[in-house]
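> no FASTA, just this:
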């Protein structure tokens, strides 16, 4: 039943995994959407696939050719140069300009071609305050734009963009996800995992995750496995 | 000088070719952006490249993997099934769900990664009244969304989305383009050209183009070459 399905943008990280389970908990049947933009570590896409399978979700991965943006990104001082560890060349493969706008646009395209009217994503204003495309006013504006531009929204049913983590702390996200049965051992948060996916425990993302689990009073299954 | 550059979405058709010259006429240096979504006829992308070269524009072509949307498109009655002439399989390679939203999102990404704040596209409310993403209210909403979501817009300079053809007739577009020096012999409008790019003269797009030239009182260089 199309009206009972939702597209969930799924990176394979802790946040989007939680959103996947939240959407399921709201009664949606799930269609996860991941992006292959030549991530430094393929483990993210592998984890996304496993999470989708675990949730009995359909799973689509879209390849985004980031190479077309790379030359200029390195010369624009406004664009952060990513860590180049593990790269042959200094191509900024982790930075996606207009990232959430582009990802959501694919979400709309997949939704519209499947008769779906709900798109979920795991943006969070608390953690990412420096990124304007993680703010509630951006999400509202995106939804308004979609409802003016999509044939399905104008003719049949409005598109809803759901960002259920928007105002949650990392600890509250982890608590909510744990209550919903998320296996955080299947997620990947580290910026610099080893070849088996084991987190480094040192990077900003590992630190944020560790503080979140500590504040939630829970054990991170990734840490307990690996340490 | 980044503030003097503009991204122009360039399909290789009559409308976007005219927009390319309009942007040049406004003093912008040009960076054309085309999309390779496995179009039925590669002539469009070839024409886009020639137009860009003719205008001394940089030219970027982004490949969009439309295959991920195709399975469901064929089964959704809300999505028009395209003519399948020339196709091995009935994959809807001309239909792009959320088309202008997706194309504009790449436009924003290319703009942001190049320090550019102006994006042009050739949508036209007159010809495409059935498509909500060709309406002025959609373009305004898209621009508002971009200015809330883009780091460059929030921190430095707003993004402007230009749709100069919005309220023009085909004849007035052709007149304006001719005055600006557009070589319409380099454009491709036909839904079903032969292998050399020669237009069929029969399809809706050929008809619209022919009426436009007739009303403008001008000769279509494509027709005069080929007939």
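Now that the structure is in, tell me what you want to look at. What you are looking at is a predicted structure, and each value in this text was computed from that prediction instead of being measured. Numbers count the residues shown, from 1 in each chain, chains lettered A, B, ... in the order given.

> list the buried residues in stretch A:110-126.
For stretch A:110-126, a neighbour-count test (16 or more other Cβ atoms under 10 Å in any protein chain shown) marks A:110-125 as buried. C-betas here are computed from N, CA, C, even on glycine.

> check these against chain B, which are close?
Among the buried residues of stretch A:110-126, the ones lying near chain B by Cβ under 8 Å from any Cβ of the partner chain are A:110, A:112-115.

> correct me, but residue A:49 touches residue A:60?
No - counting by Cβ atoms under 8 Å, no contact exists between residue A:49 and residue A:60, whose distance comes to 10.6 Å.

> overlap in contacts of those two?
residue A:34 (Cβ atoms under 8 Å, 6 or more residues apart in numbering or on different chains).

> which of the two has more neighbours?
Counted by other Cβ atoms under 10 Å in any protein chain shown, residue A:49 and residue A:60 do not tie: residue A:60 has more neighbours, with 21 against 18.

> and the more buried one, what element?
Assigned by DSSP states H and E, residue A:60 belongs to strand A:58-63.

> lowest-confidence helix or strand of chain A?
helix A:67-73 (a mean of 58; mean pLDDT, DSSP states H and E).

> buried residues in the helix or strand harbouring residue A:138, which are they?
Per DSSP H and E, residue A:138 falls inside helix A:136-149. Of the residues in helix A:136-149, A:138-139, A:141-149 count as buried by neighbour count, 16+ other Cβ under 10 Å.

> rewinding a little: show me what the strand holding residue A:60 packs onto, helices and strands only.
In terms of contacts (3 or more Cβ pairs under 8 Å, 6 or more residues apart in numbering or on different chains; DSSP states H and E), strand A:58-63 is packed against strand A:29-36, helix A:43-54, helix A:99-113, helix B:67-73.

> per-residue confidence for residue A:47?
pLDDT recorded at residue A:47 is 94.

> which residues in the strand holding residue A:60 does the neighbour count mark as buried?
Quick answer for strand A:58-63 (16+ other Cβ under 10 Å): A:58-62.

> angle of it against helix A:99-113?
Interaxial angle of strand A:58-63 relative to helix A:99-113 (axes from the mean of the first three to the mean of the last three Cα atoms, to 10 degrees): 130 degrees.

> residue A:181 is in contact with residue A:21, isn't it?
Yes - contact criterion Cβ under 8 Å: residue A:181 and residue A:21 qualify, at 6.4 Å.

> surely residue A:193 is within a helix?
No - assigned with DSSP: H, G, I helix; E, B strand; the rest coil, residue A:193 falls outside any helix and is coil.

> which phi and psi values does the residue of chain A positioned farthest from its centre adopt?
The centre of chain A is farthest from one residue, residue A:155, which by Cα atoms, centre = their mean lies 29.3 Å away. Torsion angles at residue A:155 (phi, psi; degrees, to the nearest 10) stand at phi -90, psi -30.

> same check, this time on residue A:166
Main-chain torsions, residue A:166, degrees, to the nearest 10: phi -40, psi -50.

> quick check: it touching residue A:136?
Yes - between residue A:166 and residue A:136 a contact is recorded at 5.6 Å, counting by Cβ under 8 Å.

> list residues touching both of the two?
When Cβ under 8 Å, 6+ apart defines a contact, the residues bordering residue A:166 and residue A:136 alike are residue A:125.

> residue A:8 looks like it's in a strand, true?
Yes - according to three-state DSSP, the state of residue A:8 is that of a strand.

> name the nearest residue to it, ignoring sequence neighbours.
Distances taken as Cβ to Cβ, 6 or more residues apart in numbering or on different chains place residue A:120 nearest to residue A:8, at 4.4 Å, with adjacent residues excluded.

> torsion angles phi and psi at that neighbour?
According to degrees, to the nearest 10, residue A:120 has phi -110, psi 140.

> enumerate every residue touching it.
With Cβ under 8 Å, 6+ apart, residue A:120 has these contacts: A:6-9, A:19-20, A:22-23, A:162-164.

> could you measure from it over to chain B?
17 Å (Cβ to the nearest Cβ, to the nearest Å).

> and residue A:141, by the same measure?
4 Å.

> surely that residue touches residue B:140?
No - using Cβ under 8 Å, residue A:141 is not in contact with residue B:140, being 11.1 Å away.

> so what pLDDT did residue A:155 get?
Confidence score, pLDDT, at residue A:155: 86.

> again but with residue A:84, I slipped
Looking at residue A:84, its pLDDT is 38.

> same question, residue A:87
Here the pLDDT value assigned to residue A:87 is 32.

> over to residue A:63?
Reading off the model, residue A:63 has pLDDT 90.

> doesn't residue A:39 make contact with it?
No - using Cβ under 8 Å, residue A:63 and residue A:39 do not qualify as a contacting pair, with a distance of 11.2 Å.

> tell me where the model's unsure across chain A.
Where chain A drops to pLDDT under 70, the residues are A:1-3, A:40, A:70-95, A:127-130, A:224-227.

> mind running it again at 90?
For chain A, the stretches flagged by pLDDT under 90 are A:1-3, A:37-44, A:64-99, A:113, A:124-132, A:134, A:151-152, A:154-156, A:189-205, A:222-227.

> that older thread, so which of residue A:181 and residue A:21 has more stuff around it?
Set residue A:181 next to residue A:21 and count neighbours by other Cβ under 10 Å: residue A:21 wins out with 22 against 11.

> thank you kindly, that will do.
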